[in-house]
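Provided below are the primary sequence and the corresponding predicted coordinates.
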Amino acid sequence: MADGSPVWKDPEIAGVRALLAGFATPPGSPEPTFEARRSGMDAFGEMSPLPTGVTKTDIDMEGVPTERLTPADAVEGRALLYLHGGGYCIGSPRSHRAIAARFADQAKATAFVPDYRLAPEAPFPAAVDDALKAYRYLLDEGYAPHRIAIAGDSAGGGLTLATALAARDAGLPQPACLFLISPWADLGHHGPSYAAMEPLDPMITVSGIKQYALHYGAGADLNHPQLSPARADLAGLPQMLIHVGQHEVLLSDSVTLAQTAGLHGVEVRLEVWPEMIHVWHAFHDMLGAAKKATSEAAAWIAART
C-alpha cells in the first residue's frame, strides 16, 4: 500500500491483527500483572463456546486439577492430553477449553486439560512434574499408550516435548504421537526468527518472552533438555507434527526442533503456514486457516490413535 502498510494475501489475518492491536498495552503504560494477564487470557478463551455435544467434567489427575472434555461420539479408549500455553506463567484449562475441545471433537477423542502449576509461584520443573502425573494417570486408568496423543501450544508445546522426555527417562511407554502448535521449545532463544520476525509478530516480543523464561527457569540452566527440548536428545520419542506460523518470533524453535528430531531418528512433519501468527488455531471463528489447520491436525491425531 502507499502508506507502507503490509498487504496480506490472506485478508482474514488483517482482521485478527486488528483485534490483537486493540488488546495491546499502550506505549509507556505499566506492564499488566500476572494476575491481570491470567484473567484476561481466561476471559478471551471463554468467549468461544464448546462444540455441540462436548461435555466438561472436572477431575483430579494424581493431584492435578483437570478438565475432561468428552465429545458425544468420542472413540472409546482414544485420549488427548492437551497442555495449554501461556509462557509457563499464565493460561489455564479455561483459557484453552475451546481450542482443546475443538481438537477433541474433530479427532473423536476424550481430551484432558490439566491445570498445571505456573511460575513464578511454581517454577521449573513444576509444570513437567504435573504433566507427567497427568500422563501417568491416563496409563493407570487403562488408556493404552498407543491410543494417547499429547498436544500443546506455545509453552504447552515445549511442555509436550518435556513430558515425553520425562516419560522416556522414567521408563514409561511413549504415547502414540505428539502435536505441537507454535512450540516454545528453546528457552535460550537461539535462531534468526527472534530478530527477523519480531516486527511482524503481533503477540510475542523478544524482551517479553525472555522475562517469562527467567520466571519459569528461576536460575536453572536454560539449556536443560526439559527447558529447551528443541536441542535435546530426542531419541525414542514418538512421531510428531509441528504447526508454526511464518510470522512468529518462535519460528526458529520449530525449525530447530524438526532438525533435531530428524537427527535422532524421530519421524517428524513440519508445516510452516504462510502469514500465520502465533497459535492462529485459537482464532477459529475468524480464520479459515485456523479451521483448516485444526481439522487437518485432528485427522492426523485420529489416524494415529
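Good, I have the coordinates. Numbers count the residues shown, from 1 in each chain.

tell me the contacts of the closest residue to residue 174 other than its chain neighbours?
Using CB to CB, 6 or more residues apart in numbering and skipping residues adjacent in sequence, the residue nearest residue 174 is residue 238, 4.8 Å away. Every C-beta, even on glycine, is put in place using the N, C-alpha and C of the backbone. If a contact means CB atoms under 8 Å, 6 or more residues apart in numbering, then residue 238 has 164, 174, 175, 176, 177, 178, 266 as its contacts.

Give the helix, strand or coil label for residue 158.
The three-state label given to residue 158 by DSSP: H, G, I helix; E, B strand; the rest coil is helix.

Does it touch residue 182 like I think?
No - the criterion here is CB atoms under 8 Å, and residue 158 misses it with residue 182 at 10.1 Å.

residue boundaries of the helices in the stretch 51-200 of the chain?
Using DSSP state H, counting those that start in this stretch, the helices of the stretch 51-200 of the chain run over residues 97-107, 126-140, 155-169, 193-196.

Turn those into JSON lines, columns for distance to residue 289 and mean neighbour count.
As requested, the helices of the stretch 51-200 of the chain are arranged in JSON lines below (distance: least, CB to CB, whole Å; neighbours: other CB atoms under 10 Å):
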{"stretch": "helix 97-107", "distance to residue 289": "14", "mean neighbour count": "25"}
{"stretch": "helix 126-140", "distance to residue 289": "28", "mean neighbour count": "21"}
{"stretch": "helix 155-169", "distance to residue 289": "18", "mean neighbour count": "26"}
{"stretch": "helix 193-196", "distance to residue 289": "19", "mean neighbour count": "18"}
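
Need these in a markdown table (columns: distance to residue 204 and mean pLDDT).
Below are those laid out as a markdown table (distance: least, CB to CB, whole Å; pLDDT from 0 to 100):
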| stretch | distance to residue 204 | mean pLDDT |
| --- | --- | --- |
| helix 97-107 | 17 | 98 |
| helix 126-140 | 19 | 98 |
| helix 155-169 | 11 | 98 |
| helix 193-196 | 9 | 96 |
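
Among those helices, which comes closest to residue 81?
Among those, helix 126-140 comes nearest to residue 81, with 6.0 Å by CB to CB.

what does that closest one contact?
Contact partners of helix 126-140, identified using CB under 8 Å, 6+ apart, comprise 61-64, 66, 79, 81, 83, 88, 112, 114, 116-119, 145, 148, 150, 155, 159-160, 162-163, 166-167, 170, 172-173, 175, 216, 226.

Of the residues you listed, keep whichever come out buried.
By neighbour count, with 16 or more other CB atoms under 10 Å, the contacts of helix 126-140 hold 61, 64, 66, 79, 81, 83, 88, 112, 114, 116, 118-119, 145, 148, 150, 155, 159-160, 162-163, 166-167, 172, 175, 216, 226 as buried.

Strands - which of those land there?
With strands taken from DSSP state E, the overlap with the buried ones among the contacts of helix 126-140 comprises 61, 64, 66, 79, 81, 83, 112, 114, 148, 150.

Good, we can wrap up now.
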